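**Student:** structure for the following, please:
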Amino acid sequence: MAAIVSRVSQYRGERSGQALVRPMPVRPRLRVIEGGSGVRSQRGVPAPVYWRRRAAVLVVAVLAVALLFVVTRAAWAAPEGAGAGRPAPSLDAGGSYVVRSGETYWSIASGLAGPGDDVRVVVDALQAANGDAPLEVGQAIVLPD
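**Tutor:** Model prediction:
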């Protein structure tokens, strides 16, 4: 540290060992320039061009958010395998049903339950009628009455 202080001291013409006092920088006075031709941004782009660019960025951002919303909603609305060109299963109580890919006890019970019925009760009845075994694709399960 002493070498740095002495080098700076010699540069300023001060003797080594004295405290260095640096003067505060003086800010230039601000002046008002008459005859300006409109508002400009920091880069010197005219105001209409500046606002046109901002509007374009805003439109692109809104379109990107809308597209993201549509894609996300479509992904959540149709789970994999649902509505892939196959008809809805016909579920008649007391018969049997062949399990398809992606189906669960809940999805099958939703088709069996009538309006106002509790799907959970139907799921419990399905599991009890089929020995509480996990479902496999192609498995024929018994539908409860």
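
**Student:** what comes up buried for the longest helix seen in the chain?
**Tutor:** For the chain, the helix reaching the highest residue count under DSSP state H is reported as helix 47-77. By 16 or more other CB atoms under 10 Å, the buried positions in helix 47-77 come out as residue 50. All C-beta atoms are positioned from the backbone trio N, CA, C, and that covers glycine.

**Student:** quick check: what element follows that helix along the chain?
**Tutor:** Going down the chain from helix 47-77, the next helix or strand is strand 96-98, by DSSP states H and E.

**Student:** how about low-confidence regions in the chain?
**Tutor:** The chain contains residues with pLDDT under 70 at 1-20, 35-43, 78-94.

**Student:** please redo it, this time with the cut-off set to 90
**Tutor:** Residue ranges of the chain with pLDDT under 90: 1-50, 71-119, 121-145.

**Student:** quick one: contacts for the residue lying closest to residue 96 once chain neighbours are set aside?
**Tutor:** Distances taken as CB to CB, 6 or more residues apart in numbering place residue 140 nearest to residue 96, at 5.1 Å, with adjacent residues excluded. With contact taken as CB atoms under 8 Å, 6 or more residues apart in numbering, residue 140 is in contact with 96, 97, 98, 99.

**Student:** of all the residues you listed, which two lie farthest apart?
**Tutor:** 96 and 99 (10.4 Å; CB to CB).

**Student:** so between these two, which is more surrounded?
**Tutor:** Higher neighbour count among residue 96 and residue 99: residue 99, with 19 against 9, using other CB atoms under 10 Å.

**Student:** hang on, that one packs against residue 134?
**Tutor:** No. At 10.2 Å, residue 99 and residue 134 do not qualify as touching, with contact defined as CB atoms under 8 Å.

**Student:** common neighbours of the two, please.
**Tutor:** Shared contacts of residue 99 and residue 134 (CB under 8 Å, 6+ apart): none.

**Student:** out of the contacts of residue 140, which is nearest to residue 121?
**Tutor:** Out of the contacts of residue 140, the member with the shortest distance to residue 121 (by CB to CB) is residue 97, at 17.7 Å.
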